[in-house]
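>>> My questions concern the predicted model and sequence given below.
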Amino acid sequence: MNLSFSEEDLKFQDEVRSFIAENYPADIKNKMDNGIPVSKDDIQTWQRILSKKGWFAVNWPEEYGGTGWSITQKHIFQNELANANTPTLVPFGVSMCGPVVYTFGTQEQKDRFLPGIINNDVWWCQGYSEPGSGSDLASLKTKAVKDGDHYIVNGTKTWTTMAQHADWIFCLVRTETTDVKQQGISFLLIDMKTPGVEVKPIITIDGSHEVNMVYLDNVKVPVENLIGEEGAGWNIAKFLLAHERTGIGGIPALKREIRRLREITSELPLGEGFLKDDELFMDKLNKLEIDLLAAEYSELRTLAAMSKGGHPGPESSILKIKGTDLQQGLSDLFVEALGYYAHPFMSEEDLISNEGRIGPDFAANVMPHYLNYRKVSIYGGSNEIQRNVIAKAVLGI
Amino acid sequence: MDFSLSEEQQLLKDSITTFVDKDYLFDVRQKNIKSDLGYSSDFWKTFADLGWLGMPFSEADGGYNGGPIDLMVIMESLGRGLVVEPYIPNVVLAGGLVSRLGSDEQKTELLPKIISGEIQMSVAFSEPQSRFDLNDVITSAKKDGENYIIDGYKAVVMNGPSSNNIIIVARTSGNQLDKEGLSLFIVDPSLNGVSSRNYSNVDGSKASEITLENVSTPASSLLGNEGEAFSALEEVIDLATLAISAEAVGIMEKMNEITLEYTKTREQFGETLSSFQALQHRMVDTFMAYEQTKSLLLMCAAKLTDKSDDAKKAVSALKYQVGIAAKHVGEESIQLHGGMGVTDETNIGHYFKRLTTIRAIFGNTDYHLKRYSAL
């Protein structure tokens, strides 16, 4: 047993750290550090910087442009990105559609779709959930009916994150109605510019526009956009669920945020002293920090097992539950730290206006973040679904 | 990064697991804890023969040079078997202090006998008012010619009843809460003025209340320098905290297995208990509590091995987590067993009792949360 980084790992850490220090654009950093929402352009700019360095499709096989890094190196990389507070990489292309295409796609499909993902020229979104199919994903009803060399797709997708920015959507569609609902599902790639595709925003309780409804009305999709065999889509969906689970707990960002909260307790006045003098609050902070330490080492154990050739199985469900519990718990502690100053609502315009902000500088995002983060125990397979997964896979029930 | 055990550590684990599964049977244990001794001297001999008692000592002292990870491996496996034989009081606490502070004579006299299992020892560090604060010591020792005169009271001394020698923490100078001025004395409990009230704890282990009245002990019984015992005591208790946390992790792993097995066989409403989602999710939560604790256990063992700057903080993080998880896993295991969980004949209740006492041993969650915050 040896939990320290090797010499090479430490050298790699230095290399990543200096690259970020030298290449992270100041204007984007300023927005991130001051809680001003970043635009699609900002994200694209940053992702292209990483891509140019060959550090974007980190987990892809080297033949498709991946890094060939060890699991420890990937872990270091994620930590450094989080420490520098860089924009979260958008997963839909690089972490989801890409791996599906290089795993299940034909050579022609690989040539056609992978470069756009890795170069950040094409933006993807995910068409999974439907108004009637949330946790019970396999009950989806969006229909794709074959008509010559096309599918005609009809249905509605929902909770589609960033659909308003996306060029393409990867969809689970029903190509056949069968007794077993997991059968007859296919994996289809759809150009968002195709006639019949309509995107309508869903505004969430934090006031932001992240998610959308996507209406598909007689959308004509060429059959060459089918990935894998017709009716084999559920296998691809399961592959995606098990894939790219490392980092699902968002541990590196949590470590940065809890450090930030600890700093804040020395800055926020309380009576004649500071918030850090409030023992009850500090107890909660310390408890959360210990819980986070446990989650961090649980993740490292999973990574270490994977680097020896193991697969992330149900452990990723544990990390998802623990990570999202911590994300919600920490977002709540930020709200508690602010007292009344968690309440003023600041629009995006307010954030950059000359009038200045109300209350402490960081306050504007705190409540929206808390509200927004109610989603994390719901998405990606609700935490109740994750418990079902663990019960089946680990407890053998 | 590597979390796997070395080949030797894996062999050690296998050998204890085999012993626990084949020889350390529940009804045998229950019989042993009701005996006067409270454990099996034959099993203790086995521990010595298999080298487990010599593990943490240096080769120069006749041991096997084992480190915190070896100790973790031993205690996790012993925990799974609900082993009551006093490994921690003898090997980790008393042996730990003697090997760190002992003179050549003291080491030569005591360590071979600890390693061979010939003698039993314990460390009397707690007092009624001190709870978990190692520096809170009223018991006093005053130099008197060639002797020290000790007066005081020691509370819930683990393995007190069997001990041939008890290491008494006493104050030779300073005030009640000072870290300076603490000294250790190796005291023969048959000395005039030492009286012990011996009893069983709810977990089957034995302990003593020890009163010291005008006890005259030779200066040669002083262990380490006068007034400088605190840092070694803290270091040894930290290692013992890792050990007992490993025991708790072994116990929780076993309790989760027993409970899962029970729910897979017990039927109500025509279905096994394990088919009910309300119960499945609770077992997932106890499994996660175990996993989280195991992760911190590994982290702590590694940090103690590396003598890392934040090792003390890691110990307190671990013991805090052990306290939280032990309550959660313990209480849920009983609840999921229904009425059977509260019967004396079922093993789960006995695991629960040990896990519950571990919550307080070497500091409960409140104590370690405070220590974590202060470090």
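Looks like it arrived, so ask away.

>>> can you give me the strands in the chain?
In the absence of a named chain, this looks at chain A. With DSSP state E as the criterion, chain A has strands at A:124-127, A:143-147, A:150-157, A:168-174, A:185-191, A:197-203, A:209-222, A:226-227, A:269-270, A:273-274.

>>> Correction: the question concerned chain B.
With strands called from DSSP E, chain B shows them at B:121-124, B:140-144, B:147-158, B:165-171, B:182-187, B:194-200, B:206-218, B:222-223, B:267-268, B:271-272.

>>> Chain A is nearest to which of the ones you listed?
Set against chain A and scored by C-beta to the nearest C-beta, the strands of chain B come closest in strand B:271-272, at 8.8 Å. Every C-beta, even on glycine, is put in place using the N, C-alpha and C of the backbone.

>>> Pairing partners for that closest one, with directions?
strand B:267-268 (antiparallel) (DSSP bridges).

>>> Any chance you could list what contacts the partner strand?
B:L273 (C-beta atoms under 8 Å, 6 or more residues apart in numbering or on different chains).

>>> mind checking how far that strand is from the chain centre?
Here strand B:267-268 shows a centroid-to-chain-centroid distance of 38 Å under the convention C-alpha atoms, centre = their mean, to the nearest Å.

>>> now that strand: mean pLDDT?
Mean pLDDT, strand B:267-268: 96.

>>> for stretch A:358-372, same thing?
When pLDDT is averaged over stretch A:358-372, the result is 93.

>>> Could you list the buried residues of that stretch?
By neighbour count on 16 or more other C-beta atoms under 10 Å in any protein chain shown, the buried set for stretch A:358-372 is A:G359, A:F362, A:A363, A:A364, A:N365, A:V366, A:M367, A:P368, A:H369, A:Y370, A:L371, A:N372.

>>> tell me the contacts of the last one?
By C-beta under 8 Å, 6+ apart, the residues touching A:N372 are A:T204, A:I205, A:D206, A:S208, A:E210.

>>> just the third one next, same as before
With contacts taken as C-beta under 8 Å, 6+ apart, A:A363 has the following neighbours: A:L338, A:Y341, A:A342, A:P344, A:R357.

>>> Let's see the pLDDT reported for A:H243.
66.

>>> B:G181 too?
We have a pLDDT of 98 for B:G181.

>>> can you count the residues close to A:E15?
Close neighbours of A:E15, defined as other C-beta atoms under 10 Å in any protein chain shown, add up to 13.

>>> what does A:I28 give?
By other C-beta under 10 Å, neighbour count at A:I28 equals 21.

>>> swap in B:R171?
Using other C-beta under 10 Å, B:R171 has 24 neighbouring residues.

>>> shouldn't it be in contact with B:K142?
No: if you go by C-beta atoms under 8 Å, B:R171 and B:K142 don't touch, sitting 9.6 Å apart.

>>> about what we covered before: looking at the contacts of A:N372, which are in helices?
Judged by DSSP state H, the contacts of A:N372 include no members of helices.

>>> Give me the buried positions along stretch A:182-191.
Here stretch A:182-191 shows A:Q183, A:G184, A:I185, A:S186, A:F187, A:L188, A:L189, A:I190 as buried, counting by 16+ other C-beta under 10 Å.

>>> A:V145 contacts A:V173, doesn't it?
No: with contact defined as C-beta under 8 Å, A:V145 does not count as touching A:V173 (9.6 Å).
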